[in-house]
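Undergrad: let me see the structure of the following:
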Amino acid sequence: MKREDFCIYKRTSFLVLTSYYENIIIIYMQKTILQVPVNKQLKSDAEKVALRQGFSSLQEIIRVFLAQLASNQVEVTLQKSITLSAKNERRYVKMTKDFESGKNVYSASSVDDLLSKLNAD
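TA: Numbering: from 1, shown residues only. Alright, predicted model coming up:
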């Protein structure tokens, strides 16, 4: 079917979509379009992140967020993410590997033992 094959009629609370092929579909859900002007680069970057996070589109993640916001299931706080320098990233990766392998790790047998170790320097 081509787009020209359909006629759309707006009725009180629903749309009636008819085609010249005698199919009738009634859609009871009214939708509205939310338009938010953003620059192209921001939209492109947000789409990439949404896809990487498993959403099918940027629109889907926005719909999910708005539904949760409207039902008071989500609270919004804006906080910049922390980005480590390359040097500090390497340092923390090494620390994590050391911890996982038991290297440079001290286990205290009691609180007094721990405090004496901490105050040894």
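
Undergrad: domain map for the chain?
TA: 1-33, 40-75, 86-118 (automatic domain parsing).

Undergrad: give me the residues contacting stretch 111-121.
TA: For stretch 111-121, the external contacting residues (CB atoms under 8 Å, 6 or more residues apart in numbering) are Tyr106, Ala108. (C-beta placed from N, C-alpha, C; glycine too.)

Undergrad: now the phi/psi pair for Leu84, please.
TA: phi -80, psi 150 (degrees, to the nearest 10).

Undergrad: quick one on the thing from earlier: with mean neighbour count and mean pLDDT added, can I get the domains of the chain in TSV?
TA: Shown next, in TSV, are these (neighbours: other CB atoms under 10 Å; pLDDT from 0 to 100):
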stretch	mean neighbour count	mean pLDDT
domain 1-33	9	52
domain 40-75	12	93
domain 86-118	10	90
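
Undergrad: isn't Tyr92 right up against Leu84?
TA: Yes. Counting by CB atoms under 8 Å, Leu84 is a contact partner of Tyr92 at 6.8 Å.

Undergrad: how far away from the center of its chain is the strand or helix carrying Leu114?
TA: According to DSSP states H and E, Leu114 maps onto helix 111-118. Offset of helix 111-118 from its chain centre (CA atoms, centre = their mean, to the nearest Å): 43 Å.

Undergrad: next one: stretch 112-121 to chain centre, how far?
TA: 44 Å.

Undergrad: CA atoms of it as PDB?
TA: In PDB, the C-alpha atoms belonging to stretch 112-121 read as follows (Å, rounded to 0.1, in the frame of the first residue of the first chain):
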ATOM      1  CA  ASP A 112      43.300  -2.900  67.600                       C
ATOM      2  CA  ASP A 113      45.400  -4.700  65.000                       C
ATOM      3  CA  LEU A 114      43.900  -2.500  62.300                       C
ATOM      4  CA  LEU A 115      44.500   0.700  64.200                       C
ATOM      5  CA  SER A 116      48.100  -0.200  65.000                       C
ATOM      6  CA  LYS A 117      48.700  -0.900  61.300                       C
ATOM      7  CA  LEU A 118      47.100   2.400  60.300                       C
ATOM      8  CA  ASN A 119      49.100   4.300  62.900                       C
ATOM      9  CA  ALA A 120      52.400   2.600  62.200                       C
ATOM     10  CA  ASP A 121      53.500   5.300  59.700                       C
END
